[in-house]
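Colleague: here's a sequence, model it:
(2 chains)
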Amino acid sequence: MSLDNVHSLPYLLPELILTLAILSVFVGDLVIAAKERIGEIALVGGALVLVAVWAVAGRADAGLFNRMVIHDRFASFFKVIFILATLAAVWMSLTSREARRSNQGEYYGILLSSALGMCFMASSANLLMAYLSLEFVSLTSYVLTGILKHSRRSGEAAVKYLIYGGVASGTMIYGMSWIFGLAGSMDYARINAALSQGGSNQLALFIALVLTLTGFGYKIAAVPFHMWAPDVYQGAPIPIAAFLSVGSKAAGFALLIRFFYPAISQLAPSGLWTALPGIEWPQLVLVLSMITMTLGNFAALSQQNLKRLLAYSSIAHAGYILMGFVVLSNDGLRAMMFYLIAYYLMNIGAFLVVMIVANSTGREDIEAYRGLAWRGGAMPAVAMAIFLFSLAGLPPLGGFIGKFYLFAAVIERQFYLLALVGVANSVVSLYYYARIVKAMFLDQPAGGEGTVVVGVHDGSLLWGLAGATVALGLYWSPVMSFVERSLHFFAG
Amino acid sequence: MAHILTYMTFIPLLGAALILCLPRAQHNLIKWTAAAATVPPLLMAVWLFVNFDRTQAGFQLIERAPWITLGSFKAEYFVAVDGISITMVLLTALLSFICIFASWGIDKAVKGYFALFLLLDTGMMGVFVALDFLLFFVFWEVMLLPMYFLIGIWGGPRREYAAIKFFLYTLVGSALMLLAILALYFYNEPHTLDMTQLIANNATYSRQFQLVVWIALFIGFAIKIPAFPFHTWLPDAHVEAPTAISVILAGVLLKMGTYGILRVNFAILPLATADLAYYFLAALGTWNIVYGALCAMAQKDLKKLVAYSSISHMGYVMLGMASFTQQGISGAVMQMFNHGTVTAMLFLLVGVIYDRAHHRQIEGFGGLATTMPVYTGVTALAFFAAMGLPGLSAFISEVLVLLGSWQSAKLLTAIAATAVILTAGYMLWTMQRMYFGKVNEKYATLPEINGRELFTLLPLGAIVIVLGVYPAPVLDLMTQSLHQLNQMVAPYL
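Modeller: Okay, the predicted model is just below:
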């Protein structure tokens, strides 16, 4: 069902509320004297958007604005993740030392704008819309990264991010122009119809896909488009790093899945997909996946700065999630979506602890974590251990279940080499996660690290995330059935 | 007593939760709470020992409930015992109780220690009763985390190295195990994680599939045993771990490796077992026996000596399993139980002397028999048991193993039997250097073993003697199930 502009508006309720929230933040910045209230506007706005996403999720699939944007359960699923990531980032920003030193109106306004862009990334079904929404998210991300005016590192990170981003999206749009030339349309459904007849020059098609993949790969921080991640995560304010590592990555995956699955693959009733004739992208992504996780993990081994370490870990996780992408099955897609939820909980949680420690001590290096469990309360250390072990994929934590489904999807399709590389990487990753745990529990404080206090505000989010990480590892039926319901693409 | 296994598994976890709610400074309250949490499982173990149906080969006290059901995917809470796991369940309940008292001297972060210890207890018990493969795997891994912290925080000088080494080694094994579990899951139609179902289908797996999965699982379990060449984590972990944790490590954790091989490799992959057992179990087991004994002989640190003796003694279990005779396999499981009690005594005794002298160098002592006669008496009992002296429990199991394996591998059995001399050699030599000879003036005033320490040692000593004279009560527990297991592999030999 394709709708015209006016009839599309009811479906767009979440985005409209989000836009209103953005405007309220900007206006609030002008009229409210107590600047710390502005974050709260963003928080309320975000919460309303979440309700709106839920309210419109039940509507039938539709192609909005003459199919530039689509409404389906797949898009709603990702919107939930984006808004939750935004809410967590806003919540963290309320106590973040860095965030409070920047201009509140700009900070929250741009943060919410970025979320708006992500929502469109997940729901675009047209190359043009995909490009525009991706660029919108990128531009807002550059500003958010460089928002700390007093910090040279922040500025440097923003410039690096901008340059990498510019090159990647330039390459991508060039690739998209080839696809347009080959398929004669920018609409995913029409591209699929045109390419499935075969007859296109295979080399040209392959080159077009590789070029397009550059932009997507950059968004999910997959090798070889990952170089920006460590610098950006280190330079950006911690809540922004958390937001980018989860929200931006999920948005990249949403775009990636929608393009490579409904647009250029075909679904058989068995739940298995086949790439359109002549398009050999699965092998290419298979190799990328293995290289990404291996490089991410090995590079993380020697990091001293926690944000850099988490950046490399997030690169490795992009590699794990790609495992579900290459197997061309609905099981693989479900595993990816489930993993993103687990990843949301544990990665935001890990960044939250980094922020709590940085707020108290002003430091982000691993030395600042020495004896964290013995300095004041054990709470941040225990929660951090839960997040890190979950990232490493140990049961009974959410990250294990996520990996379990990924490996299951891989083994089911008999990609044994990929599975072996995956588990070997899990073992490697344990080493650097355990290094932090060792510093927190096994080392004694050397003195001078300072005590770390957790307020009620941060503590509530911290325990919420830690509790959810454990709960997800023990009983995940509701989450998995939510994922199963959400794996549903707009059909035409 | 319908849910006895659930109670045995989760009462310690409840205890751990309770301890977390207690005030940090109340050390005694925390310790007694921990002790109280291990008493019900111990009493239930006694009940289990009395009421276990020895005439039945299959699973008993079955409890199953849906855990995760998603379309075709089904994981269950499925626990039960049979003759293979019952002895391990008893051993776990017993050693957990004893080790709480062996940990009484802990004074650093007491709350954390006992909470983690009880969590470990739940993990161990869970591994031995779980029959759903995912549940089994979760329990298997749940045990890892507390162990890492218990070694890493409360251990000796090189504890951090030992803890991470133990952690990484085990994780390599369990990562392979996870892949093997998934492979088995997808190979079966309909897909299943139910071990009993996997066993029932064991004739349908192709040879190539069995061999690959067998090796993946074997590496996972061999690291835990530990079989050569995966054993190097063990001396480090043992030397650095606090006494009670060494006891648990040697007494229970090592058995998970051999238990896993019997439960999974033997029953689910009988064809591959028949093909590979000689090389991977019998030959490697013999090598373990000889190599472990030679290494033990070279040690200067008493605890390291005991650690290597564990490697040597676990070799008998592997050798016995691979014989596919009723004597051999019964001897192997019996040896698992006996090694659990004997090695627990040895580590407790090492702890006693270490608490007093603050070192464990064998050469540093002398004439302890004069100053600590009671301690020396108990040590002599444990040493003789470890040597396999007739009349003590380990003798029975080692003889059964050798009798069984003689029928299938004469040369290896001959080598293994010769190694008994090596064992006697290092044990007696240690005895002589530490306990006899001239009294070392420096340690002439060491206080005699105390009541609490005797309380931890004497029950084990009693079991060692009783089972040495009359092993039938424990042997009867396992006979039927092991016979059935042997029958599964027999057609492929």
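
Colleague: quick check: which ranges of the chain have low pLDDT?
Modeller: Went with chain A since none was named. Scanning chain A for pLDDT under 70 picks out A:492.

Colleague: next to chain B, which bits of it? Give me the list.
Modeller: Residues of chain A found near chain B (C-beta under 8 Å from any C-beta of the partner chain) are A:374, A:378, A:389, A:394-396, A:400, A:404, A:407-408, A:411-412, A:416, A:419-420, A:423-424, A:426-427, A:430-431, A:434, A:438, A:441-443, A:475-477, A:480-481, A:484. To be clear about C-beta, it is placed using only N, CA and C from the backbone, and glycine gets the same treatment.

Colleague: residue of the stretch 251-400 of chain A closest to chain B, please.
Modeller: residue A:395 (4.4 Å; C-beta to the nearest C-beta).

Colleague: ok, now which ones touch that residue?
Modeller: A:401, A:473, B:137, B:138, B:141, B:142 (C-beta atoms under 8 Å, 6 or more residues apart in numbering or on different chains).

Colleague: which residue packs closest to the last one, ignoring adjacent ones?
Modeller: With C-beta to C-beta, 6 or more residues apart in numbering or on different chains as the measure, residue B:123 is the residue that lies nearest to residue B:142, at 4.0 Å, once sequence neighbours are left out.

Colleague: could you flag which of the residues of chain A next to chain B are buried?
Modeller: A:374, A:378, A:389, A:394-396, A:400, A:404, A:407-408, A:411-412, A:419-420, A:423-424, A:426-427, A:430-431, A:434, A:438, A:441-443, A:476, A:480 (16 or more other C-beta atoms under 10 Å in any protein chain shown).

Colleague: out of those, which sit inside helices?
Modeller: A:389, A:400, A:404, A:407-408, A:411-412, A:419-420, A:423-424, A:426-427, A:430-431, A:434, A:480 (DSSP state H).

Colleague: can you pull the phi/psi pair for residue B:230?
Modeller: Main-chain torsions, residue B:230, degrees, to the nearest 10: phi -100, psi 20.

Colleague: please apply the same query to residue A:187.
Modeller: Residue A:187 adopts backbone torsions of phi -80, psi 130, taken as degrees, to the nearest 10.

Colleague: count of residues packed around residue 180?
Modeller: Going with chain A. Neighbourhood size, residue A:180 [other C-beta atoms under 10 Å in any protein chain shown]: 15.

Colleague: not what I meant, chain B
Modeller: By other C-beta under 10 Å, 25 other residues sit near residue B:180.

Colleague: cool, the one 4 residues further on as well?
Modeller: Applying other C-beta under 10 Å, we find 25 residues neighbouring residue B:184.

Colleague: excluding chain neighbours, what is closest to it?
Modeller: residue B:198 (5.9 Å).

Colleague: checking that neighbour next. Helix, strand or coil?
Modeller: helix (DSSP: H, G, I helix; E, B strand; the rest coil).

Colleague: identify the residues contacting the residue in the stretch 201-350 of chain B that chain A sits nearest to.
Modeller: Closest residue of the stretch 201-350 of chain B to chain A, C-beta to the nearest C-beta: residue B:212 (8.7 Å). Going by C-beta under 8 Å, 6+ apart, residue B:212 touches residue B:183.

Colleague: would you say it is within a helix?
Modeller: Yes - the assignment for residue B:212 is a helix, going by three-state DSSP.

Colleague: mind listing what residue A:114 touches?
Modeller: A:86, A:137, A:140, A:141, A:144, A:243, A:247, A:248.

Colleague: and whatever helix or strand the fourth one lives in, what does it pack against?
Modeller: Using DSSP states H and E, the element containing residue A:141 is helix A:127-145. Where contact means 3 or more C-beta pairs under 8 Å, 6 or more residues apart in numbering or on different chains; DSSP states H and E, helix A:127-145 is packed against helix A:104-123, helix A:152-183, helix A:202-220, helix A:238-243, helix A:249-258.
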